[in-house]
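Visitor: When you get a sec, could you give me coordinates for this:
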Amino acid sequence: MHTCTPLLRSITLASLCALGLGNAAADQPAYYYWGLSAGQARSDIDEGSLASAAANGGPVSNLSRNENDTAYKLFGGYQFNRNVGVEMGYFDLGHTGYTATGLAGAFDSDTRVRGFNIDVVGTLPLSDTFSVLGRVGAAAARTYATFSGPSAMGLTDSARNQTNAKMGLGLQWEMSQSVWLRGEVERYRINNAMGSRHNVDVYTVSIVMPLDRKSFGQTGTGYSANPR
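Guide: Okay, the predicted model is just below:
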């Protein structure tokens, strides 16, 4: 966990910078928001190497992969101004796994990833209602792997907790002043069951609900040139 200290310090520093920017923009009232995301997670796991390691280095055959699953997030954030916010959430990246045949027969592996994240989110308005989003943050993930099948004798289930970096890019559409839609692509860095790291790319659509939002110079939806 000591290796994560610089990363967490960087996220904390970025959050403090965002707070400073928010205080500097007194004419742009801050507000809280919450949201829910759903989509698909795709892992780039080297299942062949994992299967060989699980079989104690022995040969494996008939390897079939399951790299995609449904992902979702529940999150809340604080928008300091129209350009900078901080977001925290819970994520579930679903299951990945493989089926392989080792010296003693077939065995299955199933891995589930879930955890918590904190991100600094930047917003760049393109028009009255559309914006580009960029985010960078940290994900504290728990990876839980199980093994089953005739060749799984001696293989033990494992759980790992690790904090790694994450980042993302997306678009936001303000349907109204109280309802937004987002489409995002995020990359999580995850530790797998054997201790090595791999990427999980997550594609989601989110609904976002601002709470007690004050105007950033808006009339109806979108931004006006002269904040009131």
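Visitor: Show me what whichever helix or strand residue 72 is part of is packed up against.
Guide: Secondary-structure assignment from DSSP states H and E places residue 72 in strand 68-79. Counting contacts by 3 or more CB pairs under 8 Å, 6 or more residues apart in numbering; DSSP states H and E, strand 68-79 is packed against strand 31-43, strand 84-102, strand 197-211. Just so you know, the C-beta spots here come from the backbone N, C-alpha and C atoms, and that holds for glycine as well.
Visitor: hey, least reliable of those by pLDDT?
Guide: Ranked by mean pLDDT, those bottom out at strand 84-102, with a mean of 88.
Visitor: Against residue 32, how distant is residue 84?
Guide: Plainly put, residue 84 is 14 Å away from residue 32 if you go by CB to CB, to the nearest Å.
Visitor: The two: who's more crowded?
Guide: Remark: of residue 84 and residue 32, residue 84 carries more neighbours, 23 against 14, as counted by other CB atoms under 10 Å.
Visitor: still on that earlier bit, mean neighbour count, the helices and strands packed on strand 68-79: which tops it?
Guide: Among the helices and strands packed on strand 68-79, the stretch with the highest mean neighbour count (mean count of other CB atoms under 10 Å) is strand 84-102, at a mean of 21.
Visitor: sorry, back to before: JSON lines please, covering the helices and strands packed on strand 68-79 and showing distance to residue 71.
Guide: Output for those, formatted as JSON lines (distance: least, CB to CB, whole Å):
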{"stretch": "strand 31-43", "distance to residue 71": "4"}
{"stretch": "strand 84-102", "distance to residue 71": "5"}
{"stretch": "strand 197-211", "distance to residue 71": "5"}
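Visitor: Okay, strands next: where are they in this structure?
Guide: Secondary structure of the chain (DSSP state E): strands located at 31-43, 61-66, 68-79, 84-102, 105-125, 130-148, 158-174, 180-191, 197-211.
Visitor: Who does residue 100 form a beta bridge with?
Guide: residue 107 (DSSP bridges).
Visitor: and what of residue 118?
Guide: Assigned bridge partners for residue 118, using DSSP bridges, are residue 88, residue 138.
Visitor: How many neighbouring residues does it have?
Guide: Residues near residue 118, counting by other CB under 10 Å: 21.
Visitor: State the distance from it to residue 135.
Guide: Taking CB to CB as the measure, residue 118 falls 10 Å from residue 135.
Visitor: Overlap in contacts, these two.
Guide: residue 87 (CB atoms under 8 Å, 6 or more residues apart in numbering).
Visitor: who's in contact with residue 72?
Guide: 36, 37, 38, 39, 91, 92, 204.
Visitor: Leaving out sequence neighbours, find the closest residue to the fourth one.
Guide: When you say that, I think you mean residue 39. Nearest non-adjacent residue to residue 39, counting by CB to CB, 6 or more residues apart in numbering: residue 204, 3.4 Å away.
Visitor: you'd agree that neighbour is up against residue 42?
Guide: No. Using CB atoms under 8 Å, residue 204 is not in contact with residue 42, being 11.9 Å away.
Visitor: Give the intersection of the neighbour lists for the two.
Guide: By CB under 8 Å, 6+ apart, no residue touches both residue 204 and residue 42.
Visitor: out of the helices and strands packed on strand 68-79, nearest to residue 129?
Guide: Of all these, it is strand 197-211 that lies closest to residue 129, at 13.2 Å by CB to CB.
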